[in-house]
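Peer 1: here is my input; please provide its structure:
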Amino acid sequence: MGHYAVMHVLHLFAAFVFVGTVFFEVLILERVRRHVPRNAMHLVEAGIGRRASRLMPWVLLVLYGSGLGMAWRYRALLADALAGGFGLLLALKIVLAFSVAGHFILAMSLRRSGRLVSSVSRRLHVSLFWHMVGIVLLAKLMFHLG
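Peer 2: Down below sits the predicted model:
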């Protein structure tokens with residue numbers, strides 16, 4: 001298996017974990033909140049938050065590291081992204097990925113300072129959810145439209 005294929009597999013697995021976690025939190029956990037007592041939900045959220053804060057930095061390291069490794073192959077296309085569909089879609093995907101990284105950094109800094117309250121966390125997760133929907137769509141469209 002070549003270098004690009006290894007990067008691609010690592011990227012896909014890390015994306016499954018990250019995207020799956022956010023999808024779970026937005027589509028499932030948010031709906032569970034309505035049926036679980038507030039104090040129990042707070043304990044669940046705290047447990048998930050502790051686990052995520054230990055796991056996600058490593059997942060993101062693999063995700064972004066492999067993404068950079070794969071993007072290197074397309075550096076010429078990215079240098080003139082407006083020249084073609086594939087390069088433009090890849091550039092848009094990268095912009096969204098940088099925004100996702102910004103969301104994660106913001107969430108971790110708010111968490112460390114004790115200012116990551118439930119309402120802010122929910123808004124960040126919903127924003128991440130839509131960013132990831134965009135990234136997944138762009139990833140597929142790159143190879144079908146680009």
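
Peer 1: how about residue 128, what does it touch?
Peer 2: Listed by Cβ atoms under 8 Å, 6 or more residues apart in numbering, the contact set of residue 128 reads 22, 26, 100, 103. In short, each C-beta sits where N, CA and C put it, glycine included.

Peer 1: tell me the two of the residues you listed that are most distant?
Peer 2: By the measure Cβ to Cβ, 26 and 100 form the most distant pair in those, at 13.7 Å.

Peer 1: so which of these two has more stuff around it?
Peer 2: residue 100 (22 against 18; other Cβ atoms under 10 Å).

Peer 1: for this protein, what spans make up the helices?
Peer 2: Taking DSSP state H, the helices of the chain run over residues 3-23, 30-32, 38-72, 75-79, 85-113, 118-144.

Peer 1: start to end distance for stretch 66-77?
Peer 2: 18 Å (Cα to Cα, to the nearest Å).

Peer 1: what comes into contact with it?
Peer 2: Outside stretch 66-77, the residues touching it (Cβ under 8 Å, 6+ apart) are 3-4, 7-8, 10-11, 14, 78, 83-84, 86-87, 90, 94, 97.

Peer 1: show me where pLDDT drops low in the protein?
Peer 2: Applying pLDDT under 70 to the chain flags the ranges 146.

Peer 1: from the centre of it, point out the most distant residue.
Peer 2: Outermost residue of the chain with respect to the C-alpha centroid, by Cα atoms, centre = their mean, is residue 37; its distance is 29.1 Å.

Peer 1: distance of that one from residue 44?
Peer 2: Note on residue 37: its distance to residue 44, by Cβ to Cβ, to the nearest Å, is 10 Å.

Peer 1: ok, residue 38 next?
Peer 2: Relative to residue 44, residue 38 is positioned 11 Å away (criterion: Cβ to Cβ).

Peer 1: ok, these two, which is more surrounded?
Peer 2: Counted by other Cβ under 10 Å, residue 38 and residue 44 do not tie: residue 44 has more neighbours, with 14 against 9.

Peer 1: contacts only, for the more buried one.
Peer 2: Applying Cβ under 8 Å, 6+ apart, we find residue 44 in contact with 29, 36.
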